[in-house]
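Asker: Provided below are the primary sequence and the corresponding predicted coordinates.
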Amino acid sequence: MDFHGCNPGPVDDYILYDQDKHVSAAIWEGQERGALRCHEHTSKLDRWILTDKQIELVKKAGFGFLRLIPAISLDNPLISALVERWRRETNTFHFTTGEMTVTLEDVAYLLGLPIDGEPVIGVTYTTCDAVCARYLGKGPDSGYTSGGMVKLSWLKESFSQCPNDASDEDIQCYTRAYLLYLVGSTIFSTTTGNKVPVMYLPLFENFEEAGKYAWGAAALSFLYRALGNASLKSQSTISGCLTLLQCWSYYHLNVGRPRLKHDPLHECFPFVLRWKGKQSGPTSNRDVAFYRKALDSLKASDVDWCPYTNISHTVIPANILNNLILGRSKTMLICFDKAERHLPDRCLRQFGMNQTIPEDVQKWERKSRGVDGGIDLSLKMESELNEWAHRRLHIVEAEEDVEESEYMQWYLKVTRKLVGRPIPISSEFQRMNAALRDIALVADTLSTHGMDDQQIQAMSRIRYVAHECLRDQVGIPLAVTTVQNEVGKRTRGKEKVRRKGMGKRRRKDEPEHHSLYRLNPVAGHVLSYHAENEVDHQVLCLPSSEADDIRTSHVAHKVDEVEVCDEADEVDDLHFCHTAEEVDEDQPSQGASESAPELPCTATEVVQQSSLESSEDVARQVEAH
């Protein structure tokens with residue numbers, strides 16, 4: 001296989017410059033984080049009882065369709081696998097077939113939120129009492145607040161049912177509380193779990209004015225930021241409108257898509273409702289690894305670039321339909337302190353166009369500007385607001401005579417093609433150790449007769465490096481074999497290697513035991529000493545040569561099963577630690593010996609610890625030779 005075929009990428013990293021921080025880098029090294037915790041709180045939205053007057057106010061504010069969307073069961077493994085493909089450098093998914101993203105057009109179709117209008121921005125708050133008292137008529141107890149956030153449970157307990165005889169002012173307060181709950185549990189859900197910032201409340205003061213905001217653009221900005229944060233290997237949660245993300249995937253990708261129970265010809269708006277209710281289809285055993293493998297092997301036939309083409313547009317309101325062109329606007333999306341780039345030029349096929357090589361993305365720092373209370377963020381985001389103001393001047397247009405093959409040649413060099421390893425990392429580890437042992441064997445047995453001093457020194461260096469790598473990787477530079485009438489049998493049970501510092505369980509009355517290993521790279525001598533340690537039916541073997549002498553010492557403590565530990569989940573049948581810089585050298589690893597060729601085992605004799613050479617002695621001998 002050629003280099004580009006086996007390298008997961010990126011080959012050229014000027015686009016994906018944050019690869020070392022991305023979760024795919026950790027996964028490639030065997031550090032699984034499992035499914036993300038998905039924060040969306042739509043399960044209790046149906047417990048709000050709205051009067052006709054309230055529903056009218058909700059429609060005026062621009063949320064008439066969002067309130068119709070039911071709670072949809074989230075597929076956490078699918079969402080987690082999608083996150084592994086998200087790149088915050090480009091705000092797109094990097095699939096094997098090219099880049100894709102959730103666009104403003106998708107938000108309009110799926111959620112029915114306005115994608116044109118004033119940017120969602122305002123004043124931040126660090127306390128809740130004053131703003132809640134002003135816009136809701138009362139404030140929460142201290143147990144329901146946290147800084148500038150209020151618990152969703154308090155909003156539901158206090159405002160979920162408006163009295164029939166409520167005054168117009170009270171109806172407005174109850175409706176504002178519902179809208180705050182609605183956005184806090186859907187498009188602006190946070191990783192705090194059950195809280196929503198009160199900074200959105202002033203935007204609901206006047207319902208007519210609230211309807212002039214681009215809530216869909218704000219929802220997409222919030223989702224982009226959430227996806228970017230979750231794509232970092234240090235994260236384990238994700239928030240934002242995950243219903244939007246999951247249904248976007250259902251429309252565009254034939255991966256994890258449920259089978260519909262109803263006739264899709266009878267569509268209703270917004271299009272998320274297509275996936276309303278329980279769907280049929282196999283979902284058992286579909287973990288993150290399952291979806292990761294599906295996305296790693298995604299084919300062109302699995303992608304629907306333009307899924308809304310055959311859906312009746314007669315059900316789409318005019319104000320939504322007339323603004324769909326903004327789906328192709330290369331602009332900045334804003335939601336208070338979250339400003340994210342909308343880059344439709346990177347996924348032109350989602351608009352029925354041929355894909356060209358997109359422009360380079362300018363690096364930008366994502367800063368959280370909402371630190372102090374009473375700060376008007378519009379004064380700190382002048383450039384971002386200016387981009388949004390000129391959004392209609394930057395509509396991406398189609399180019400003629402475009403060869404997509406040129407784009408794919410470019411794309412495959414700058415993308416991360418694989419997230420999961422085609423070959424399990426345990427097998428890679430064993431294959432690497434087998435290669436190292438072959439090198440060590442050749443270096444140990446190759447005759448130096450006829451070589452000059454420089455060649456002999458080079459061979460000594462090769463021998464030294466090979467044995468040092470084996471010792472560092474596995475804990476010892478020796479193959480673990482058993483003496484039971486044959487050489488090269490596997491040791492019993494699974495092997496694990498514990499990291500230093502993690503600790504190893506030991507009985508109180510059990511004496512400490514250590515193993516020391518030293519290598520003479522010039523003479524080819526390997527000295528092993530086990531203090532109060534007995535290997536059960538095992539001896540440590542090295543290939544013997546004419547000048548080589550192997551000495552091993554072991555006494556007293558029984559080691560029946562060696563273990564290799566990983567801080568993440570199992571990788572095939574072999575666990576080992578990918579992040580540890582060191583492993584205990586008193587634990588021999590079977591992972592290397594399983595794939596190594598059978599080697600002759602020489603006799604062993606007990607040697608004193610004082611006879612062991614230091615690493616400094618080894619280095620001096622290499623340099624002197």
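Answerer: Yes, it's here. Numbering: from 1, shown residues only.
Asker: I'd assumed Trp215 was in contact with Glu118.
Answerer: No. Using CB atoms under 8 Å, Glu118 is not in contact with Trp215; the gap is 10.0 Å. Heads up, the C-betas are built off the backbone N, CA and C, glycines and all.
Asker: Who has more neighbours out of the two?
Answerer: Between Glu118 and Trp215, Trp215 has the larger neighbour count (other CB atoms under 10 Å), namely 27 against 18.
Asker: For stretch 366-386, measure first residue to last.
Answerer: 17 Å (CA to CA, to the nearest Å).
Asker: Give me the mean pLDDT for that stretch.
Answerer: Per-residue pLDDT values over stretch 366-386 give a mean of 78.
Asker: likewise stretch 167-180?
Answerer: On average, stretch 167-180 scores 98.
Asker: now stretch 333-353
Answerer: Here the average pLDDT along stretch 333-353 is 96.
Asker: Give the buried residues for stretch 387-401.
Answerer: By 16 or more other CB atoms under 10 Å, the buried positions in stretch 387-401 come out as Glu387, Trp388, Arg391, Val396.
Asker: My error: substitute stretch 179-198 in the last question.
Answerer: 179-192, 194-198.
Asker: mind checking how far it is from the chain centre?
Answerer: 23 Å (CA atoms, centre = their mean, to the nearest Å).
Asker: and the end-to-end length of it?
Answerer: By CA to CA, one end of stretch 179-198 lies 11 Å from the other end.
Asker: Could you do stretch 315-332 as well?
Answerer: Taking CA to CA, stretch 315-332 runs 29 Å from one end to the other.
Asker: contact partners of that stretch?
Answerer: Outside stretch 315-332, the residues within contact range by CB atoms under 8 Å, 6 or more residues apart in numbering are 103-106, 108-109, 112, 114-116, 267-269, 313, 339-345, 351, 384, 387-388, 390-392, 394-397.
Asker: taking those residues one by one, which sit in helices?
Answerer: Those of the contacts of stretch 315-332 mapping onto helices are Leu104, Glu105, Asp106, Ala108, Tyr109, Glu384, Glu387, Trp388, per DSSP state H.
Asker: How many neighbouring residues does the fourth one have?
Answerer: Residues lying near Ala108 (other CB under 10 Å) number 28.
Asker: how close does it get to Thr126?
Answerer: Ala108 is 34 Å from Thr126, where distance means CB to CB, to the nearest Å.
Asker: what does the second one give?
Answerer: Noted for Glu105: a distance of 37 Å to Thr126, by CB to CB.
Asker: between those two, who's got more neighbours?
Answerer: More crowded of Glu105 and Thr126, by other CB under 10 Å: Glu105, with 21 against 14.
Asker: what's the closest non-adjacent residue to that one?
Answerer: Leaving aside its sequence neighbours, Glu105 sits nearest to Gly327 (CB to CB, 6 or more residues apart in numbering; 2.7 Å).
Asker: any idea whether that neighbour is helix, strand or coil?
Answerer: Secondary structure, DSSP: H, G, I helix; E, B strand; the rest coil: Gly327 is helix.
Asker: Quick one: neighbours of it, just the number.
Answerer: For Gly327, using other CB under 10 Å, the count is 20.
Asker: what's the answer for the one 10 residues further on, then?
Answerer: The tally of other residues near Asp337 (other CB under 10 Å) stands at 19.
Asker: Could you do the one 4 residues further on as well?
Answerer: A total of 20 residues lie near Arg341 under the criterion other CB under 10 Å.
Asker: dump the residue contacts of it.
Answerer: Asn91, Thr331, Met332, Leu333, Val361, Trp364.
Asker: And Ala339, by the same measure?
Answerer: Ser221, Met332, Leu333, Arg366, Met381, Glu384.
Asker: out of those residues, which are buried?
Answerer: Buried residues within the contacts of Ala339, counting neighbours by 16+ other CB under 10 Å: Ser221, Met332, Leu333, Met381, Glu384.
Asker: Ile334 is in contact with the last one, correct?
Answerer: In other words, Glu384. Yes. Contact between Glu384 and Ile334 holds when scored by CB under 8 Å: they sit 5.9 Å apart.
Asker: Quick one: the buried ones among the contacts of Ala339 as JSON lines, columns for secondary structure and distance to Leu321 too.
Answerer: Shown next, in JSON lines, are those (DSSP: H, G, I helix; E, B strand; the rest coil; distance: CB to CB, whole Å):
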{"residue": "Ser221", "secondary structure": "helix", "distance to Leu321": "22"}
{"residue": "Met332", "secondary structure": "strand", "distance to Leu321": "24"}
{"residue": "Leu333", "secondary structure": "strand", "distance to Leu321": "21"}
{"residue": "Met381", "secondary structure": "coil", "distance to Leu321": "30"}
{"residue": "Glu384", "secondary structure": "helix", "distance to Leu321": "27"}
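Asker: ok, so of those residues, who is nearest Leu57?
Answerer: Distance to Leu57 across the buried ones among the contacts of Ala339 (CB to CB) is lowest for Ser221, with 24.9 Å.
Asker: mind listing what that closest one touches?
Answerer: Here Ser221 is in contact with Leu333, Ile334, Cys335, Lys338, Ala339, Glu340 (CB under 8 Å, 6+ apart).
Asker: again, 10 Å this time
Answerer: 91, 119-120, 187, 214, 240, 332-336, 338-342, 384, 388 (CB atoms under 10 Å, 6 or more residues apart in numbering).
Asker: Could you pull up the residues touching Leu273?
Answerer: Leu273 neighbours (CB under 10 Å, 6+ apart): Phe65, Leu68, Ile69, Pro70, Ile72, Leu110, Gly112, Cys247, Glu267.
Asker: if we can go back for a sec, among the contacts of stretch 315-332, name the ones in strands.
Answerer: Cross-referencing the contacts of stretch 315-332 against strands under DSSP state E gives Ala339, Glu340, Arg341, His342.
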